[in-house]
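*Asks:* Dropping the sequence and predicted coords here.
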Amino acid sequence: MSSIVTRGGDGGETNLLYGGRVPKDDPHTEAYGALDEAISVMGLARSLAVNDQVAQTLLDLQRECFTVGAELATAGEDRSKLQRHFPTLETAAVDKLEAEVHRLEREVGMPTGFVLPGGTPAAAAIDIARTLVRRAERRAVAVARADELSNPEVVRYLNRLSDLLFMLARQEEAGATTLK
């Protein structure tokens with residue numbers, strides 16, 4: 001690409017990862033667009049984090065979310081092409097997120113009441129990322145309901161990711177210094 005300006009989307013359409021033009025409000029683009037927003041806010045949170053382990057976890061999650069985004073940007077019938085070129089989301093990734101959530105629940109503890117976001121700038125940004133992941137999850141469900149998402153791990157991953165982001169925000173607020 002020689003320029004970011006391609007004019008290809010001026011008519012309100014865009015390409016999916018392995019071809020096919022779709023409207024910019026197609027369920028696929030809505031889903032991976034919401035995830036892209038979350039990835040960007042995770043970057044903001046990472047830049048604000050005072051806990052180095054929280055920052056590293058956010059960076060790792062940002063990278064892993066590109067795999068999820070690729071799944072969402074691929075039409076169901078083209079998944080085999082995606083699998084030939086890129087790693088795809090597996091159950092182990094979901095299990096890893098769940099294990100991290102449980103570890104943080106033990107380490108930081110569960111809140112005893114309703115949590116108002118904004119305890120620290122980084123935690124507030126993590127909570128915004130969490131809400132955007134929830135939106136991406138809702139959009140991914142729409143893609144799945146349209147029978148266009150052949151990997152059920154995507155919805156499960158997004159569900160666990162929002163849980164992990166909730167706990168990471170609490171860890172950042174608590175000033176915890178270790179994340180093993």
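*Replies:* Good, I have the coordinates.
*Asks:* Spatially nearest residue to residue 89, not counting backbone neighbours?
*Replies:* Using C-beta to C-beta, 6 or more residues apart in numbering and skipping residues adjacent in sequence, the residue nearest residue 89 is residue 153, 4.6 Å away. Yep, even glycine has a C-beta here, placed from its N, CA and C like the rest.
*Asks:* Starting from residue 52, give me the distance back to the one you found.
*Replies:* Note on residue 153: its distance to residue 52, by C-beta to C-beta, to the nearest Å, is 29 Å.
*Asks:* what comes up buried for the biggest helix by length in the chain?
*Replies:* Criterion DSSP state H: the longest helix present in the chain is helix 121-145. Using 16 or more other C-beta atoms under 10 Å as the test for burial, helix 121-145 gives 122-137, 139-141, 143-144.
*Asks:* Stretch 60-76 too?
*Replies:* With burial defined by 16+ other C-beta under 10 Å, the residues of stretch 60-76 counted as buried are 61-62, 64-65, 67-75.
*Asks:* Name the nearest of these relative to residue 85.
*Replies:* Closest approach to residue 85 among the buried residues of stretch 60-76 (C-beta to C-beta): residue 70, at 9.0 Å.
*Asks:* For the most far-flung residue of the chain relative to its centre, give me its contacts.
*Replies:* Of all residues in the chain, residue 2 has its C-alpha farthest from the mean position, at 28.6 Å, by C-alpha atoms, centre = their mean. By C-beta atoms under 8 Å, 6 or more residues apart in numbering, no residues touch residue 2.
*Asks:* quick one: it is in a strand?
*Replies:* No - remark: residue 2 does not belong to a strand; assigned using DSSP: H, G, I helix; E, B strand; the rest coil, it is coil.
*Asks:* how close does it get to residue 15?
*Replies:* Residue 2 is 17 Å from residue 15, by C-beta to C-beta.
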